[in-house]
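*Asks:* quick one, fold the following:
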Amino acid sequence: MNENIVSALLEELLREARPEQRQAVTAREPLVVVGAGAGTGKTKTLAWRFLWALLAFPQTRVENILTLTFTEKAAREMKERIGRMIAKALEKARELDLEEAALRLSDAGARLDEAYISTIHAFALRVIRENGLALPVDPKAGIVSAPREEAFWESFTAALDSLVQEEASRGLAEPWKSRAEGLFSSPVLKAAVNAFGPEAVSEFCRSAAALHGSRGRCPEDLWNWTPGEDEPVRLALLGERAPRWKERLERFREEVFPGLGDLSKDRTALGKRLDALSRNWREGPVGEDPRRLLGFLEEVDAAL
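*Replies:* Have a look, this model is predicted:
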């Protein structure tokens with residue numbers, strides 16, 4: 001398409017754009033990063049850039065432009081915005097008697113459903129489905145919806161509360177069925193649930209799954225994981241809980257320890273444990289080391 005025709009059409013379409021938006025829309029560098037706050041027109045700028053890419057490069061079709069967002073709502077809004085802009089551009093092209101541009105825009109509008117405008121997860125799933133025969137993945141695989149995910153974690157928490165092996169392994173195929181039953185009969189898991197409660201253990205598992213998933217790990221990797229091999233991941237998980245543990249320590253210092261008084265002469269086993277806990281944690285800097293804060297909780301559990 002003639003570059004002058006493209007320029008004339010884009011000039012009409014970008015008439016209301018601010019200079020910085022125009023610069024972002026028409027930049028030809030291989031990497032362009034646009035940073036702006038909420039409500040500043042980022043979505044509109046991206047939609048304009050989609051249209052610019054469609055018009056500025058003769059061989060470009062809607063399925064050649066990848067547009068990703070983080071949420072389904074944002075993806076729908078982006079697709080609707082692009083559709084409206086294409087319709088507006090088509091109307092303007094016909095007004096200016098730009099036949100070639102009108103043909104391309106008409107084709108783009110008719111095939112907008114073929115465009116890759118979606119969330120990152122939906123795009124990945126689409127790639128899997130389109131290339132299912134060449135990948136070691138079930139082509140019928142799907143994305144778990146938010147309600148189904150919440151339902152899973154609720155049932156998992158309930159299973160932890162009862163620690164019934166059959167509940168843990170329901171619906172699982174081997175070898176995970178045997179693994180789940182073995183884990184739910186483990187004294188280590190029972191001790192963790194008794195110490196922290198089923199909700200806290202479930203939340204820890206959920207955080208671990210998300211963290212390892214973001215690092216490309218699969219369930220098999222987690223199952224074969226051994227202590228010490230992934231210290232950064234462990235510290236990251238501990239770090240997420242550090243503010244909550246710090247808050248509990250401060251509460252002990254403000255409310256619990258003052259109420260205990262002087263236990264140094266208490267001869268009972270409980271009195272001795274509480275006295276040691278009070279002496280170790282009543283004063284001194286708290287710090288931000290999650291391992292130290294975890295140590296406080298472990299001493300509380302041992303004392304009580």
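*Asks:* hang on, residue 118 in a helix?
*Replies:* No: read with DSSP: H, G, I helix; E, B strand; the rest coil, residue 118 is strand and lies in no helix.
*Asks:* identify the residues contacting it.
*Replies:* 67, 68, 69, 75, 126 (Cβ atoms under 8 Å, 6 or more residues apart in numbering). (Glycine included, C-beta is placed from N, CA and C.)
*Asks:* okay, those residues in TSV with pLDDT, secondary structure and neighbour count next?
*Replies:* Below are the contacts of residue 118 laid out as TSV (pLDDT from 0 to 100; DSSP: H, G, I helix; E, B strand; the rest coil; neighbours: other Cβ atoms under 10 Å):
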residue	pLDDT	secondary structure	neighbour count
67	89	strand	19
68	88	strand	16
69	84	strand	20
75	87	helix	19
126	82	helix	12
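*Asks:* pull the most distant pair out of these.
*Replies:* Spatially, the most separated pair among the contacts of residue 118 is 69 and 126, at 14.1 Å (Cβ to Cβ).
*Asks:* report the central residue of the protein.
*Replies:* residue 210 (7.2 Å; Cα atoms, centre = their mean).
*Asks:* make sure it is indeed in a helix.
*Replies:* Yes: Residue 210 forms part of a helix when assessed by three-state DSSP.
*Asks:* which residues are in contact with it?
*Replies:* Applying Cβ under 8 Å, 6+ apart to residue 210 gives no contacts.
*Asks:* mind checking how far it is from residue 98?
*Replies:* Applying Cβ to Cβ, to the nearest Å, the value for residue 210 to residue 98 is 49 Å.
*Asks:* check residue 47 too.
*Replies:* Counting by Cβ to Cβ, the gap from residue 47 to residue 98 is 20 Å.
*Asks:* likewise for residue 111?
*Replies:* Separation of residue 111 from residue 98 (Cβ to Cβ): 20 Å.
*Asks:* the more surrounded of those two?
*Replies:* Between residue 111 and residue 98, counted using other Cβ atoms under 10 Å, residue 98 has the larger neighbour count: 22 against 12.
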